[in-house]
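>>> the amino acid sequence is not available; the structure is as follows:
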């Protein structure tokens, strides 16, 4: 592993915000698993625990992380990780040791994409642990687990692409709060596009396929063609974001 990649991976691991967030997420998942099982909450939330609980609980909880909470968490983490370094002029320092700005950004992208996938899989583990504590071993039906885990992996690819996009956006804007605001605008636009009737626009939109996996095929097996189409679209977006970040960093006048 490249020295810079190791350095940035260590910096992410040292962020206390990561541990605080996932500790809170565990507590939220734990209490929610027990709360939705009560008759009062089942009636109040208008849910059927036989559908959203037990083996389906990890998939039910996935929408909270992939839909909004995880995106905002990653944006806060990455913008502090990149924009604050930029503001402190820390991007200059590696240049003194023979590293190029392009290499710096590449290392950050590798770490951010890997981090996003790991965070999504960690979320899956948390949801399965809390589901097991509530419903026991009945949640581990092999076919059901394989289907849900595959959706988590696909969602991890989506979150990785968003991380690369966040880095590109951070480099272009160079301001923490403006970057966060732009991502919130993206989330609003994502909701609009996914609910519009313009099929062509939805087919080329990065957030359409995660929405399809999370809601349209919720608690159902995901067709292979829709999984592959989503992967292709997200890989294309990831390549575009990567190239944009590299182009902008080379043109940046510090």
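Nice, I can see it. Note that the coordinates shown come from a computational prediction; the quantities given were computed from them, not determined experimentally.
>>> who touches residue 209 in this structure?
By C-beta atoms under 8 Å, 6 or more residues apart in numbering, the contact list for residue 209 reads 154, 158, 226, 229, 230, 233, 234. Glycine gets a C-beta too; all of them are placed from N, C-alpha and C.
>>> also residue 204?
Going by C-beta under 8 Å, 6+ apart, residue 204 touches residue 233.
>>> and the gap between it and residue 4?
Using C-beta to C-beta, to the nearest Å, residue 204 is found at 34 Å from residue 4.
>>> figure out how far stretch 156-172 is from the centre of its chain.
Stretch 156-172 has its C-alpha centroid displaced from the chain centroid by 9 Å (C-alpha atoms, centre = their mean, to the nearest Å).
>>> let me redo that: stretch 145-164
Stretch 145-164 sits 8 Å away from the centroid of its parent chain (C-alpha atoms, centre = their mean).
>>> list the buried residues of that stretch.
By neighbour count, and taking 16 or more other C-beta atoms under 10 Å as the criterion, the buried residues in stretch 145-164 are 147-148, 151-152, 154-164.
>>> just to revisit the earlier point, with pLDDT and secondary structure as extra columns, can I get the contacts of residue 209 in a markdown table?
As requested, those are arranged in a markdown table below (pLDDT from 0 to 100; DSSP: H, G, I helix; E, B strand; the rest coil):
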| residue | pLDDT | secondary structure |
| --- | --- | --- |
| 154 | 92 | helix |
| 158 | 94 | helix |
| 226 | 89 | helix |
| 229 | 92 | helix |
| 230 | 91 | helix |
| 233 | 94 | helix |
| 234 | 93 | helix |
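>>> out of those, who's the most crowded?
Within those, neighbour counts (other C-beta atoms under 10 Å) peak at residue 158, which reaches 28 neighbours.
>>> grab the nearest non-local neighbour of that one.
Spatially, and ignoring its direct neighbours in sequence, residue 158 is nearest to residue 210 (4.5 Å; C-beta to C-beta, 6 or more residues apart in numbering).
>>> quick check: the one you found touching residue 66?
Yes: judged on C-beta atoms under 8 Å, residue 210 makes contact with residue 66 at a distance of 6.1 Å.
>>> mind checking how far residue 143 is from residue 188?
Relative to residue 188, and taking C-beta to C-beta, residue 143 is found at 37 Å.
>>> what's the answer for residue 223, then?
28 Å.
>>> now do the helices in the stretch 51-200 of the chain.
57-64, 70-87, 101-135, 142-173, 176-195, 199-203 (DSSP state H, counting those that start in this stretch).
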